[in-house]
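Peer 1: Make a model of this:
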Amino acid sequence: MTDKKKNSIKRNLQAYGFLTPFLVLVSLLYILPAILTVVMAFTDLDSAFIWEFAGLKNFRKIFRDPNTIVIIRNTVLYVVITIAITICMQLFLAIMTTYFIRDERKGNFFKALVMIPMITPTVVYSVLWIWLLDASENGVANQLLHRFTNMGPVNWIAEYPFQVVVFAQVLTSVAYGMTIYSSAIKSIPENQFRAARVDGAGEWEIIRQIILPNLKPHISFIILWESLGLLTNYTAILLITDGGPGIQTEVWALSAYHKAFGNLEYGYGAAISLLLIVVVAFIMFLITILSGKNKKEVNPNAK
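Peer 2: The predicted structure is shown next:
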């Protein structure tokens, strides 16, 4: 064996030595739970913790459950509506604080305000919403309503649960995309704006013809990121409405939590989670294919 090959093997062993703690943690915290979830989905595991193979029983139970259609509808509406509102607000705030407000200190001040919901712990944020929308006369929203309209108290969370969870989620999601869009707008060469103004373009035309086309890749990324987050994150809904009233705000991920930790049907909850993982993987695969096609259309010589 040559000295060069010995040195190469030595370097590889050193690299694996440094990576070993990380690989162990990833295996214990991510890979092993994922394997256990898949195995659990095909069992009757409940509070007795008896691992009995049940085949496709849990999956048949999911599709026979009359609430499944309602939960799927809630999930789709929740994701689509939240993303649509979030993207519009992110673009609006990014353009306003970066393009129209030229003073960077003022723009950063508004961005910092928008970031407050994102950096607030979910439990604190959810409790704040429950306090603001308290159904009694002492609720902040009801006090304002009575002061300006002289109307009686409204049980906001019970009467408008879906609107409340969507609005609460939108406010926590705005800051991330706004920051990315702001950075992208700053990276657009100034000569593009100057040339457009020389040609007589108005502000709306500059936004439509220059800013938005430059933001297309970033918008695609945010849509993907927000979709995955909304499909898998249910904490705010759990704390604000707990999926109610009834199942009006029950989404797929929250349903898995309720079945596993509420009804102690761990195998059934794992099956619901497994289906969610399959859907998320399919969405990522589909978006990857579409991204590849878009790159080929932009650059036909790309491999």
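
Peer 1: from here on, contacts and neighbour counts on C-alpha atoms
Peer 2: Noted.

Peer 1: per-residue confidence at residue 293?
Peer 2: On the pLDDT scale, residue 293 is placed at 59.

Peer 1: do the same with residue 29
Peer 2: At residue 29, the predicted lDDT confidence score is 84.

Peer 1: hang on, residue 148 in a strand?
Peer 2: No: counting by DSSP: H, G, I helix; E, B strand; the rest coil, residue 148 falls outside a strand, being helix.

Peer 1: number of nearby residues for it?
Peer 2: For residue 148, the count of nearby residues is 9 (other Cα atoms under 10 Å).

Peer 1: can you give me the helices for the stretch 101-250 of the chain?
Peer 2: Per DSSP state H, counting those that start in this stretch, the stretch 101-250 of the chain carries helices over the ranges 104-119, 122-132, 140-149, 156-159, 161-186, 190-198, 203-206, 212-232, 235-240.

Peer 1: TSV for those, including distance to residue 255 and mean pLDDT?
Peer 2: Below are the helices of the stretch 101-250 of the chain laid out as TSV (distance: least, Cα to Cα, whole Å; pLDDT from 0 to 100):
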stretch	distance to residue 255	mean pLDDT
helix 104-119	24	87
helix 122-132	19	92
helix 140-149	30	89
helix 156-159	19	94
helix 161-186	16	93
helix 190-198	49	89
helix 203-206	44	90
helix 212-232	11	90
helix 235-240	10	94
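
Peer 1: now for these, which one comes closest to residue 78?
Peer 2: If you check each of the helices of the stretch 101-250 of the chain against residue 78 by Cα to Cα, helix 161-186 wins as the nearest, at 6.7 Å.

Peer 1: Go ahead and measure how far that closest one is from the middle of the chain.
Peer 2: Chain-centre distance of helix 161-186: 10 Å, with Cα atoms, centre = their mean, to the nearest Å.

Peer 1: try stretch 137-151
Peer 2: Stretch 137-151 has its C-alpha centroid displaced from the chain centroid by 33 Å (Cα atoms, centre = their mean).

Peer 1: For it, buried residues please.
Peer 2: Neighbour-count burial for stretch 137-151 flags 137, 139, 140, 141, 142, 143, 145 (criterion: 16 or more other Cα atoms under 10 Å).

Peer 1: thought the second one was touching residue 132?
Peer 2: Okay, so that is residue 139. Yes: counting by Cα atoms under 8 Å, residue 139 touches residue 132, with 5.7 Å between them.

Peer 1: The helix or strand hosting residue 279: how far from the chain's middle?
Peer 2: For residue 279, the host element (DSSP states H and E) is helix 266-298. In terms of Cα atoms, centre = their mean, the centre of helix 266-298 is found 14 Å from the chain centre.

Peer 1: for that helix, packing partners?
Peer 2: helix 32-40, helix 57-64, helix 212-232, helix 252-257 (3 or more Cα pairs under 8 Å, 6 or more residues apart in numbering; DSSP states H and E).

Peer 1: to the chain's geometric centre, what's the distance from the last one?
Peer 2: With Cα atoms, centre = their mean as the basis, helix 252-257 stands 15 Å off its chain's centre.

Peer 1: and that helix, what other elements does it pack with?
Peer 2: Packing partners of helix 252-257 (3+ Cα pairs under 8 Å, 6+ apart): helix 67-95, helix 212-232, helix 266-298.

Peer 1: Apply 6 Å and report the result again.
Peer 2: helix 266-298 (3 or more Cα pairs under 6 Å, 6 or more residues apart in numbering; DSSP states H and E).

Peer 1: Quick check: buried residues in the helix it packs on?
Peer 2: Quick answer for helix 266-298 (16+ other Cα under 10 Å): 266-277, 280, 284.

Peer 1: quick one: which of the residues you listed is nearest to residue 107?
Peer 2: So of the buried residues of helix 266-298, ranked by how close each gets to residue 107 (Cα to Cα), first place is residue 284, at 34.0 Å.

Peer 1: Make sure residue 178 is actually in contact with residue 89.
Peer 2: No: look at residue 178 against residue 89 with Cα atoms under 6 Å: they stay out of range, at 8.2 Å.

Peer 1: which one of those two has more residues nearby?
Peer 2: residue 178 (27 against 19).

Peer 1: Look up how far residue 93 lies from the more buried one.
Peer 2: From residue 178 over to residue 93 the distance is 6 Å, taken as Cα to Cα, to the nearest Å.

Peer 1: out of everything not next to it in sequence, what's closest to residue 125?
Peer 2: residue 117 (7.0 Å; Cα to Cα, 6 or more residues apart in numbering).

Peer 1: residues near the one you found, how many?
Peer 2: The number of residues near residue 117, taken as other Cα under 10 Å, comes to 20.
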